[in-house]
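Student: Give the three-dimensional model of this entry:
(chains A and B)
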Amino acid sequence: MNRTDVNRGNLLLEFFSEEIPARMQSNSEEQLENLFIKSLLQRDITFGTLKTFSSPRHLSIIIKNIELEQKDKKIEKRGPRFDANQKAIDGFLKSNNLNLNETVIKETKNGKFYFHSQMIKGQRTYEILPDIINEIVNSFIWPKSQRWENTDLKWARPLRNILLLFNDNLVKGKVCIGKNIFLNFTNFTFSHRFSDKKIIINKIENYEQLLEDNFVILDRNKRSEKIINDTAYLLDKEKLKLVHDKSLLDEVVGLVEFPNVLVGSIGKQFMKLPREVLSTAMRVHQKYFSITDKENNLESKFLFVANSVKNKNRDFRVIAGNERVLKARLFDASYFFEKDISNTFENWNEKLKHVLFYESLGSLHDKTIRMVNISKKFAKAFGVKPELAKQAALLSKADLVSEMVMEFPELQGIMGGHYAKIKNKSDDVSKAIFEHYKPKGISDDLPETKLGSLLSMVDKIDTLVGFFSIGKIPTGSKDPFALRRNGFSIVQILINFKLNMSLNEVIEPSLKEFDNSSQSIKLSLINFMIDKLKFVLSSRNNRIDLVNSVLNTRIVNDIPIKVISSRINSINKFIKNKDFNIFLANFKRINNILKSEKFSNNAELQIDTKIFETMEEEHINNISKSFSRKIREKGMCDKSQEVFIDSLIKMNEPISLFFENVIVNHYDNNIKTNRLSLLKNLHNSILEFSSFNFIEN
Amino acid sequence: MNKNNSFQSIITNLQSFWIDQGCVLLQPYDLEVGAGTFHPATALRVLGPDPIWKAAYVQPCRRPTDGRYGENPNRLQHYYQFQVIIKPSPKNIQNLYLKSLSFIGLDPKDHDIRFVEDDWESPTLGASGLGWEIWCDGMEISQFTYFQQVGGIEIKPVACEITYGLERLAMFIQKIENVYDLDWDGIKKNKGGKTYGDIFLQQEKEFSRYNFEKSETLLLFKQFNDAETECKNLLNDKKNPLALPAYHQCIKASHIFNLLDARGVISVSERQSYILRVRNMARSSCLAWIGK
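Tutor: The predicted model follows:
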């Protein structure tokens, strides 16, 4: 319980409007809270807890323990220096309407100045509230908003009433919504639409309950809970399950003020339609939930949420009405399905010739052909037959011109998969088409099959390379073609399938398809992909500095992804080894020595073995040569990465001895250069494996 | 008020309800249009010059691509809208609308009425507005729009447009699942009473064939160009432009475009440019109408 404080009071503000779109409501609560906090803080008024509410017609906030008065505030104005000329002093006095005796001279660190200080009496909060509310109304930003009548104010839908109580009293004032148009604050709001009663609020603490008594549940979480509980009550006894759909639930919560969960039946004749068609037709057009039995088989029933109080006669009528609507919708869907089944993939592919993929990137048919060409080249890496890869790619986009996908674009791929199966294409091909739009985001599942993954990757690479090649490269927050998501998906598939393909091998065939030989586009694609690779690898429990060290290897775009993964894994183990610290210290020491010297390139430097004075020089020369050779021979083999770690550990002793017993900075310049070159060669050979300078201690 | 719920009674009831609200009762515009919005009583009058404008009318609409040869119980290439346009939008407009439903025998208290976000945009008219589709027990029975722009011109005061889909509404009220079974006149069959199908089934069959198979593409392309030329000519004289006849040509062009679209002869890339051409006609007619 909050202790009641005589210097503090509670506030209730409610914006009552025509139905606000469901998708905007949650955010509007957050915005109302933030704007109110900002306005109060700016005015030095402290406050206690806040609670916000939103429903289609009501958006409100209750703030407890707001100070009744602003604190008095001393403001001090600095004038001219005390030794300034009279003109400046007079000017200061005149512009502030002061006499000289109302000023004081004060010492500051910049010298003595005239000062005038003034006490501003804190205002009473209820007197400032109208300003605050006007400020909030005018700073509100809706994703989409409108004017109405003669207003200048824009709101998501017409704003009809503003309820404003402070300490249970109506606050006098108004909000300006247009030239000479105002909304006066009131002490009332309105009930649910079907009664549409004026509800006078006498006590803020009764507000929520009073509205609930009038069939408006203001709290969206409460509405959501009611839907969940009522659903469980209706389904559990029949041993049925709801197909959970969080975003649909959120939307439905924003469409009702008093949820009434009802269940209707789907005509049996429609149950032969693919499950995805049924649930999409229900969800998209009607906002119905699907229902299954315990074994996840779709039931011939649907669940929906009406905006009303339970009433047997009305509910019966409402269910019958909804069943009739669904019947009409599904009749349409069946019509599309039958029409599609009597069509052919060849026919659809022919149609694709007339559908633009993107300006200067050709038709969807052109895209299909490019995908076919790339698929054949990728088949081996995925371990699938080139003939299958080719067929899947060829059929993959046909459904985009089918009647069903024209009606429900979200069924792309899914319908293609169903139709392929119906038309006796192989199971592998049908499944691949079905799942080739996966993964749809970084947290979405990957396709289950190899062929599906190949098709998904080929599709995305074609899109990515295509848009890059016409200069549509994502910048900042602008990524209209979702190319970043495409990049992530490609990388996820590459890593998950441990593909023996380098970034060059991934990108080059597609660049060829676009007849693009620009080095700069290739480079920006590689950098883009490395960036996505970095993100995905480091989100899989790898240290970011470690990922950076491997991805900054000079020839990283030639290293197969599975080698990159395995190299990161080996170094990950190495880091935990006690020898690693010695290695890293040595490496960084070499790095520092070389940093101060200028080496023009990374070519292997000539070493003069005749001027060696020590065994240590001999050893460094040998280990660096043998490491280089090993990298050349086995660097691209994912199974051999552990071997390199062993070699690195074995370097510890010779390098340490070198630093103990050999002076690099020799007075004889030839010897000095020779020793530096030794280190440079060793350094280079290690960098071929990983740029350890990125690793933090 | 007519007690029976025949198609024609619903129309006459809506008419008398909105006459009582002070609306001018108009008749349909005498050209093929895609929606009641195209009627100059809406498209032009919301722009000016009267600060107050209230009108109601039935408008037959044609959407050639929606034709189903009379085989689909819900889709038609020719259907009726009941259109109400009120400027400025009154404060109680939502309640007026709900009252009009009671007036045609659909008491909102007995049903689940929902205002679901549906912003409206007509690319060819260069018009847009915010509003809802209104659901009655899950069935979309009306569109409700606060006009913000027409012909690319901001509208002030804001007008409110209510469009009743008459077939859907009547099917709902009569609890009928096939549009062709709608009772048109409330007279029994054996007394010569007519259903929607008696009156329109043949028309749907023939026009579906015309729209999808038989219309003469080259002729249509020519007609489109002619309408565009005529529209431009009528607006050429900047001092005395003929806004209404020019807008008439714009409506013609818009319908011809829809016919060409139904024949599938406009490619995706061309589509945009045709829409733009119609929009330009709409915009220049609207500007001429408001005297700019």
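Student: So which residues of the stretch 551-697 of chain A form strands?
Tutor: Taking DSSP state E, counting those that start in this stretch as the criterion, the stretch 551-697 of chain A contains no strands.
Student: What's the per-residue pLDDT of B:S9 here?
Tutor: With respect to pLDDT, B:S9 scores 96.
Student: Alpha carbons only: can I get the helix or strand hosting it in CSV?
Tutor: Using DSSP states H and E, B:S9 falls within helix B:7-20. In CSV, the C-alpha atoms belonging to helix B:7-20 read as follows (Å, rounded to 0.1, in the frame of the first residue of the first chain):
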residue,chain,number,x,y,z
PHE,B,7,-33.3,-6.6,-51.7
GLN,B,8,-35.4,-3.7,-52.9
SER,B,9,-36.8,-3.0,-49.4
ILE,B,10,-33.3,-2.8,-48.0
ILE,B,11,-32.6,-0.2,-50.6
THR,B,12,-35.7,1.8,-50.1
ASN,B,13,-35.2,1.6,-46.3
LEU,B,14,-31.6,2.8,-46.5
GLN,B,15,-32.8,5.6,-48.7
SER,B,16,-35.5,6.8,-46.4
PHE,B,17,-33.1,6.5,-43.4
TRP,B,18,-30.5,8.7,-45.0
ILE,B,19,-33.0,11.2,-46.4
ASP,B,20,-34.1,11.7,-42.8
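Student: If you count neighbours, what's buried in it?
Tutor: Neighbour-count burial for helix B:7-20 flags B:F7, B:S9, B:I10, B:I11, B:N13, B:L14, B:Q15, B:F17, B:W18 (criterion: 16 or more other CB atoms under 10 Å in any protein chain shown). All C-beta atoms are positioned from the backbone trio N, CA, C, and that covers glycine.
Student: Against B:D112, how distant is the residue of the stretch 51-200 of chain B found nearest chain A?
Tutor: Nearest to chain A, among the residues of the stretch 51-200 of chain B, is B:D137, at 2.7 Å (CB to the nearest CB). Using CB to CB, to the nearest Å, B:D137 is found at 5 Å from B:D112.
Student: Which neighbours do the two have in common?
Tutor: Residues touching both B:D137 and B:D112 (CB atoms under 8 Å, 6 or more residues apart in numbering or on different chains) are A:V318, A:G321.
Student: Which residues of the stretch 51-200 of chain A lie near chain B?
Tutor: A:56, A:144-151, A:156-158, A:160, A:193-194, A:196 (CB under 8 Å from any CB of the partner chain).
Student: For A:M404, state which of those residues is nearest.
Tutor: A:K144 (29.7 Å; CB to CB).
Student: and the closest one, backbone torsions?
Tutor: A:K144 adopts backbone torsions of phi -150, psi 130, taken as degrees, to the nearest 10.
Student: mind listing what the top strand by length along chain B pairs with, with the direction of each?
Tutor: Looking only at chain B and at elements set by DSSP state E, the strand with the highest residue count is strand B:139-150. Here strand B:139-150 has these sheet partners by DSSP bridges: strand B:127-136 (antiparallel), strand B:153-154 (antiparallel), strand B:160-165 (antiparallel).
Student: Turn the ones you listed into JSON lines, including mean neighbour count.
Tutor: Formatted as JSON lines, the entries for those read as follows, by neighbours: other CB atoms under 10 Å in any protein chain shown:
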{"stretch": "strand B:127-136", "mean neighbour count": "24"}
{"stretch": "strand B:153-154", "mean neighbour count": "14"}
{"stretch": "strand B:160-165", "mean neighbour count": "24"}
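Student: Could you tell me which residues of the stretch 151-292 of chain B lie near chain A?
Tutor: Counting by CB under 8 Å from any CB, the residues of the stretch 151-292 of chain B close to chain A are B:K156, B:P157, B:V158, B:C160, B:F172, B:K175, B:E177, B:S267, B:V268, B:S269.
Student: From what I see, the fourth one and B:Q143 are in contact.
Tutor: No. Using CB atoms under 8 Å, B:C160 and B:Q143 do not qualify as a contacting pair, with a distance of 11.1 Å.
Student: So for residue 201, what's the pLDDT?
Tutor: Assuming you mean chain A. If you check A:I201, the pLDDT there is 97.
Student: Chain B, not that one
Tutor: Looking at B:L201, its pLDDT stands at 98.
Student: Please report how far it lies from chain A.
Tutor: Note on B:L201: its distance to chain A, by CB to the nearest CB, to the nearest Å, is 17 Å.
Student: In which helix or strand does that residue reside?
Tutor: Counting by DSSP H and E, the element that carries B:L201 is helix B:196-209.
Student: where's that helix relative to the chain centroid, distance-wise?
Tutor: Remark: helix B:196-209 is offset 19 Å from the chain centroid, using CA atoms, centre = their mean, to the nearest Å.
Student: Name the residue of the stretch 201-350 of chain A that lies nearest to chain B.
Tutor: For the stretch 201-350 of chain A, CB to the nearest CB, closest residue to chain B: A:G321, 2.7 Å.
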